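Asker: Below are the sequence and a predicted model for it; my questions follow.
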Amino acid sequence: MIQAILDNLQTIYLIIFAIFLGFELISKVPSVLHTPLMSGANAISGIVLVGSILFLRSCASDDYISLGIGSLAMIMAVINIVGGFAVTNRMLGMFKKKSS
C-alpha cells in the first residue's frame, strides 16, 4: 500500500493542489458572474472528461489506484457536465416569455 502511494505521489499532490486552487477560485467569483461562467465550467468539465478517458487508456490494468483515480475523475466530470447543463437550462427557462 505504501509503495503504491509512493508511486503515485505526484498524482496525489496534483489532486490536492487542484482541490485547493478550485476552492479558492470559486470562492472569489461574485454571484453576479456565476451564471455566465457556468458555460465555461461545462467546457472545462468536458476537457476533464476527455483527459480522464485518455488517462484511463494509458493506465496498466493492474494499477488499481490509477484506475480508481481516473474513474473517479470521469464520474465527477460527467456529473458536473450534466448538472451544469441542467442548471443552465433552468436559468435560461426563467428568461423565456410565458405564453398566455
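Answerer: Received the coordinates, thanks.

Asker: Which positions within stretch 72-92 qualify as buried?
Answerer: Of the residues in stretch 72-92, those with enough neighbours to count as buried (16 or more other CB atoms under 10 Å) are Ala73, Met74, Ala77, Asn80, Ile81, Gly84, Thr88. (C-beta placed from N, C-alpha, C; glycine too.)

Asker: So what's the gap between the helix or strand hosting the first one and the chain middle?
Answerer: So that's Ala73. Secondary-structure assignment from DSSP states H and E places Ala73 in helix 64-93. In terms of CA atoms, centre = their mean, to the nearest Å, the centre of helix 64-93 is found 6 Å from the chain centre.

Asker: for stretch 51-71, same thing?
Answerer: Computed by CA atoms, centre = their mean, the chain-centroid distance of stretch 51-71 equals 16 Å.

Asker: What residues sit buried inside that stretch?
Answerer: Taking 16+ other CB under 10 Å as the neighbour-count basis, stretch 51-71 is seen to contain the buried residues Ser52, Phe55, Cys59, Ser66, Ile69, Gly70.

Asker: Settle this for me: the fifth one is touching Thr11, isn't it.
Answerer: Yes - Ile69 is in contact with Thr11 according to CB atoms under 8 Å; the separation is 6.4 Å.
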